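**Q** Show me the folded form of this:
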Amino acid sequence: MTQSGRSEENKNLSQEKVQVPEIVTKLKVLEQLQIDEYRLTFKSIVNDGRCPEKVTCVWPGEANVMLEIFDGTDTTSKTIAIPALGFHRELFSTSEHVVYLKNLTPYPITAKDNIKAYQLLLKIQPKKS
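**A** Numbering: from 1, shown residues only. Below is the predicted model:
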């Protein structure tokens, strides 16, 4: 390879867009998270109907979780269905942040899995000015 060939190769590499990693916050069952004037509590797993990785299913399924959101005045309980592949759903917005629900981990591997250490994956993003 010539010197000019290397320069051309390096030039192409530097033009690729860098993917910024997404930072997520993990919240365990019965844990609370204070976000500005709000408090989010992961109350429980209502059910986990996601199709395990080692099982063939006609539908990927979903898991239902119970959340409690306290806004400083009132408490709201929500049951939210999380698709098997996750999503990017806005839960609530504070004066300074937007809170998104991304997914539920861990994902079941077999039909006999008895998962005890569930965690919600949240993205807490600053509001744009």
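
**Q** Closest to the centroid, which residue in this structure?
**A** Lys102 (2.3 Å; Cα atoms, centre = their mean).

**Q** Got phi/psi on that one?
**A** Dihedral angles of Lys102 (phi, psi; degrees, to the nearest 10) stand at phi -100, psi -50.

**Q** quick one: it and Leu121 touch, right?
**A** Yes - using Cβ atoms under 8 Å, Lys102 is in contact with Leu121, at 4.2 Å. C-beta: built from backbone N, CA, C; applies to glycine.

**Q** shared neighbours, these two?
**A** Common contact partners of Lys102 and Leu121 (Cβ atoms under 8 Å, 6 or more residues apart in numbering): Val24, Gly86.

**Q** Neighbours of Ile115, how many?
**A** 14 (other Cβ atoms under 10 Å).
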